[in-house]
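coordinates for the following, if possible.
(2 chains)
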Amino acid sequence: MIAQVVLSLLLGIVLLYAWAQYRRSPIVTVLSCAVSLIGFYFVWFPSHATLVAEFVGIGRGADLILYVWACISLVVLLNLHLKLRTQHELLTQLARSIALANASLPEDARPTEPSRMSSLTEGQTSQSRYRLADGPTRGQTADQRA
Amino acid sequence: MRNDHFSSTWSSTWVVCPAYNESSAIVSVITRLRQAGYDVVVVDDGSSDDTLELASPLASAVVSHPVNLGQGAALKTGIDFALAQGADVIVTFDTDGQHRDSDIPRLLDALVRNQADFALGSRFLSEPLNMPRMRRVLLWGATLFTVATTGLRLTDTHNGLRAMTRRGAQALRLRQNRMAHASELLAEIARSRLRYVEVPVTIDYTTYSLAKGQRTGDFVMILVDLLAGKLYR
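Below is the predicted model of the structure:
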């Protein structure tokens, strides 16, 4: 009984986590929920797990639950991988904003209209936009200016 | 300064050159493009060598990523920069020396003649020089994949030489930072429903460009990146 309660709590946490992730990745949520609910059912009806395990050729219900848990871990790993990608996208946006704000332009470059810049460097201050337009001269790098 | 035929149509053509540790080739590439009369923006992708220092006095403009992000990210940065400068046409051009600046007028001409928003270079419409057999097989596989997933009728899907109108560039939503950007760009062209045309271009395969180019394992990672991009919003 103790093991069933503890496992149910853990699976409940997984379900809550999956629900919280729905807006970010519906696919991960659906997979997590499906695997968690299957695990939840077998925790409380282990004899059914044994029946299913025998049917699919595993042998023991406990082994089946272990495999379900392994599946949940893999789904969580996938989610972590995708989250890392999101973080990397944010890093890219940040690096791009820095790069564009410190671009070195030719001396005869036409001033950039602020309205054009606003579409590509969201969140930048107007001061940094003008810096791109009339600040650096040809051939200067960020290091040289510093 | 620019080719008369195109200057009557477009007032501003920018060539975007993504560069990562290209100190061996970048001087000749940028010099040739500038001599041909193009505005060139070099996007230094966090190079650890002196690519940035070499490019700065030669290019029309230099944008430098503070960290290495990948060729796709560098292209997106360069396209954003060119749009901000009011570019009417944007050309993407690799800096490892495999492209010829003499192919650019043909791309621009194809945009005008076909009233297209994208002119995509294809090495398979001309005679590729010194292309290794393995590279040819992989590129054919990539082409089949792209045709199957986007419906675009193309012969070369991983060619870094392309031209696009301002409208075309603004229609692209590029999120893939690394090599998967080429497939993503084509998927975006398909999504935009804008007109595209393929143009024969010549790729000069040298020991240097082959060493810098994609490896067999990269195609596996491209598939993984594309799949991951589909899974996450």
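
following element in sequence after the stretch of helix or strand B:Leu185 belongs to, please.
Assessed by DSSP states H and E, B:Leu185 sits inside helix B:181-192. Remark: after helix B:181-192, the chain's next helix or strand is strand B:196-200, criterion DSSP H and E.

so where is the chain shaky, pLDDT-wise?
Picked chain A for this. Applying pLDDT under 70 to chain A flags residues A:106-146.

chain B was what I was after
The model of chain B has pLDDT under 70 over residues B:1-9, B:127-130, B:207-219, B:221, B:228-233.

show me which residues of it sit near chain A.
Within reach of chain A by C-beta under 8 Å from any C-beta of the partner chain, chain B has these residues: B:43, B:52-53, B:56-57, B:60-67, B:69, B:73, B:76-77, B:80-81, B:83-86, B:175, B:177, B:228-229, B:231-233. From N, CA and C alone the C-beta is placed, and that goes for glycine too.

please pick the buried ones from those.
By neighbour count, with 16 or more other C-beta atoms under 10 Å in any protein chain shown, these hold B:43, B:52-53, B:56, B:60-65, B:69, B:73, B:76-77, B:80-81, B:83-85, B:175, B:177, B:228-229, B:232 as buried.

quick one: buried residues of the host helix or strand of B:Ala148?
Per DSSP H and E: B:Ala148 is located in helix B:133-150. Across helix B:133-150, burial judged by 16+ other C-beta under 10 Å covers B:135, B:138-139, B:142-143, B:145-146, B:150.

now whichever helix or strand comes after it: how far from the chain's centre is it?
Remark: after helix B:133-150, the chain's next helix or strand is strand B:162-165, criterion DSSP H and E. Centroid separation for strand B:162-165 versus its chain: 9 Å, with C-alpha atoms, centre = their mean, to the nearest Å.

got the contact list for strand B:162-165?
Residues from elsewhere that reach strand B:162-165 (C-beta atoms under 8 Å, 6 or more residues apart in numbering or on different chains): B:88-92, B:104, B:107-108, B:110-111, B:116-121, B:172, B:185.

give me the subset of those lying in strands.
In strands, judged by DSSP state E, the following of those are found: B:89-92, B:118-121.

what about the helices in chain A?
According to DSSP state H, chain A carries its helices in the segments A:2-20, A:26-44, A:46-56, A:61-101, A:114-118, A:126-134, A:142-145.

could you identify which of the ones you listed is most buried?
helix A:26-44 (a mean of 18; mean count of other C-beta atoms under 10 Å in any protein chain shown).

name the helices or strands packed onto it?
helix A:2-20, helix A:46-56, helix A:61-101 (3 or more C-beta pairs under 8 Å, 6 or more residues apart in numbering or on different chains; DSSP states H and E).

looking at the ones you listed, which is nearest to chain B?
helix A:61-101 (4.4 Å; C-beta to the nearest C-beta).

distance from the chain centre to the closest one, please.
With C-alpha atoms, centre = their mean as the basis, helix A:61-101 stands 5 Å off its chain's centre.

now it against helix A:26-44, angle please.
When axes from the mean of the first three to the mean of the last three C-alpha atoms, to 10 degrees is applied, the directions of helix A:61-101 and helix A:26-44 differ by 160 degrees.

who touches the closest residue in space to B:Lys76 that isn't next to it in sequence in this structure?
Once flanking residues are discounted, B:Lys76 sits nearest to B:Leu174: 4.6 Å by C-beta to C-beta, 6 or more residues apart in numbering or on different chains. Taking C-beta under 8 Å, 6+ apart as the criterion, B:Leu174 is in contact with B:72, B:75-76, B:79, B:181, B:184-185, B:188.

please redo it, this time with the cut-off set to 7 Å
Contacts for B:Leu174 (C-beta atoms under 7 Å, 6 or more residues apart in numbering or on different chains) come out as B:72, B:76, B:181, B:184-185, B:188.
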